[in-house]
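Novice: Would you be able to build a 3D model of this:
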Amino acid sequence: MEAGADEFYVVIGWQGDLVRDFLERLAKRLAIRITPLVNEDWEKENGLSVLKARDVLKEPFLLLMADHLFDPELVRALTTHSLPDGEIALVVDGDIHNPLIDMDDVTRVRVENGKICDIGKGMIDFNGFDTGIFLCSSAIFEALEQNRKKDGDTTLSGAIRILAEDGRAKAISLNGFWIDVDDPAAFKRAEKGLLDRLRDKPTDGPVSRYLNRPLSVMFSRHLVKLDITPNQISLFSFLCSLVAAGLFVMGGYISLLIGGVLAQFASIIDGCDGEVARLKYQSSALGGWFDAVLDRYADAFLLFGLTWHLLAREANGWVLFTGFMAIIGSFMLSYTADKYDNLMRERIKTGGGAGLRMGRDVRVFLIFLGAATNMVLTVLVVIAVVMNVETMRRVRVACVD
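Specialist: Sure, this is the predicted structure:
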């Protein structure tokens with residue numbers, strides 16, 4: 001779906017009823033159309049599964065392997081590709097040293113001048129791997145039938161070889177994440193590969209990159225196995241911040257310290273909602289917006305709690321003003337984040353550096369330090385100054401760019 005597909009046909013076989021029930025729930029949850037196609041000969045060669053779609057697919061279509069995980073960008077390259085009639089295109093991984101590949105099982109490809117010359121397992125002369133991501137025309141069905149009549153071969157690779165002989169199999173060479181998950185060893189490699197990708201978020205601030213993200217990825221590895229949604233994780237993180245703010249209001253160093261630790265814990269958990277969403281393929285604009293709204297409320301409660309903590313000891317207009325500036329600086333920094341992050345992404349694409357990002361991760365970590373060291377006023381002053389100065393800097397960057 002992230003690549004632009006909006007209708008799906010899924011060939012089912014082994015434990016077909018269970019898969020069908022799952023697909024029905026998935027279609028309802030994602031509000032998309034998924035049509036199961038039954039292949040009674042699912043134990044035989046994979047081309048027979050492709051032929052089950054012959055009567056329902058008349059226009060160019062994407063052909064994907066159900067046991068492959070891949071970056072949507074690899075598929076997006078095909079959705080924008082113009083496919084001449086009678087041809088097919090395959091995304092070929094040109095990284096023949098890809099550590100996620102099982103060399104004993106992978107289908108190898110030899111490509112010359114953008115065309116597939118040969119394809120199959122165990123090839124010695126090859127310069128790429130079959131990612132299992134195809135853009136097909138009805139020519140794939142004709143090639144499968146031709147190959148079956150010729151020598152009884154109903155493999156997809158056999159049909160591609162038929163098309164390659166006529167120069168009708170194009171190779172789209174791309175590098176990106178993909179893996180064929182066939183066995184427990186491949187499952188572990190896929191899990192590690194997906195978790196490693198979560199650590200590399202270009203908009204992460206320094207606290208997120210070096211402290212929060214390694215810990216949140218560790219939590220997400222277990223959370224993804226539970227029946228919970230990313231929004232529920234966002235809500236849990238918010239509630240932790242709310243309790244932390246209440247502890248600040250209670251007064252006393254012990255409550256302050258526990259509140260600071262809980263606020264930092266909530267900041268770490270706040271990274272898990274997006275990670276679990278990506279791991280479960282449940283990312284949505286609504287989920288991101290819901291998380292952002294809760295974060296703003298959490299920030300306000302935490303800074304208000306610290307301000308209340310100081311005012312309870314000594315009513316002081318300076319403290320009230322500092323707390324107000326910290327809250328407004330926090331809000332303005334968040335308000336400018338989207339525009340600034342887009343500018344940084346464009347800068348990275350053109351070879352520039354992202355620079356230091358000052359965001360919520362730094363703000364909450366300062367709150368934790370202030371609570372742990374009982375230097376609440378100092379931290380409020382620092383947050384008020386740093387957040388407002390950073391907001392002004394972002395405005396300047398946006399004006400210059």
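
Novice: What is the neighbour count of the closest residue to F70 other than its chain neighbours?
Specialist: Closest residue to F70 apart from its sequence neighbours, by Cβ to Cβ, 6 or more residues apart in numbering: W178 at 3.8 Å. C-betas here are computed from N, CA, C, even on glycine. Residues contacting W178 under the criterion other Cβ atoms under 10 Å number 24.

Novice: So W178 is in contact with D71, correct?
Specialist: Yes - contact criterion Cβ atoms under 8 Å: W178 and D71 qualify, at 6.7 Å.

Novice: thinking again about what came up before, can you tell me how far the residue nearest to F70 sits from V75?
Specialist: 10 Å (Cβ to Cβ, to the nearest Å).

Novice: who touches the residue nearest to F70 in this structure?
Specialist: 68-71, 74, 93, 100, 131-133 (Cβ atoms under 8 Å, 6 or more residues apart in numbering).

Novice: rerun at 7 Å
Specialist: If a contact means Cβ atoms under 7 Å, 6 or more residues apart in numbering, then W178 has 68-71, 74, 93, 131 as its contacts.

Novice: Tell me which two in these are the farthest apart.
Specialist: Within these, L69 and D93 form the most distant pair, 13.2 Å apart (Cβ to Cβ).

Novice: what about the two, which has more around it?
Specialist: D93 (23 against 18).

Novice: For G16, see how far away the more buried one is.
Specialist: 31 Å.

Novice: Likewise for V243?
Specialist: 47 Å.

Novice: just N127 next, same as before
Specialist: 38 Å.

Novice: ok, now Y335?
Specialist: 51 Å.

Novice: Of those two, which one has the most company?
Specialist: Neighbours were tallied for Y335 and for G16 using other Cβ under 10 Å; the higher tally belongs to G16 (15 against 12).

Novice: does R108 sit in a helix or strand, and which one?
Specialist: strand 107-112 (DSSP states H and E).

Novice: List the buried residues in that strand.
Specialist: Of the residues in strand 107-112, 107-111 count as buried by neighbour count, 16 or more other Cβ atoms under 10 Å.

Novice: moving C-terminal of the top helix by length along the chain, what's the next helix or strand?
Specialist: Longest helix in the chain, counting residues (DSSP state H): helix 285-313. Sequence-wise, the next helix or strand downstream of helix 285-313 (DSSP H and E) is helix 317-335.

Novice: and that following helix, what does it pack onto?
Specialist: helix 285-313, helix 376-400 (3 or more Cβ pairs under 7 Å, 6 or more residues apart in numbering; DSSP states H and E).

Novice: In the protein, which residue is most central in space?
Specialist: Closest to where the C-alpha atoms of the chain average out (Cα atoms, centre = their mean) is R278, at 3.7 Å.

Novice: In a strand, that one, correct?
Specialist: No - going by DSSP: H, G, I helix; E, B strand; the rest coil, the assignment for R278 is helix, not a strand.
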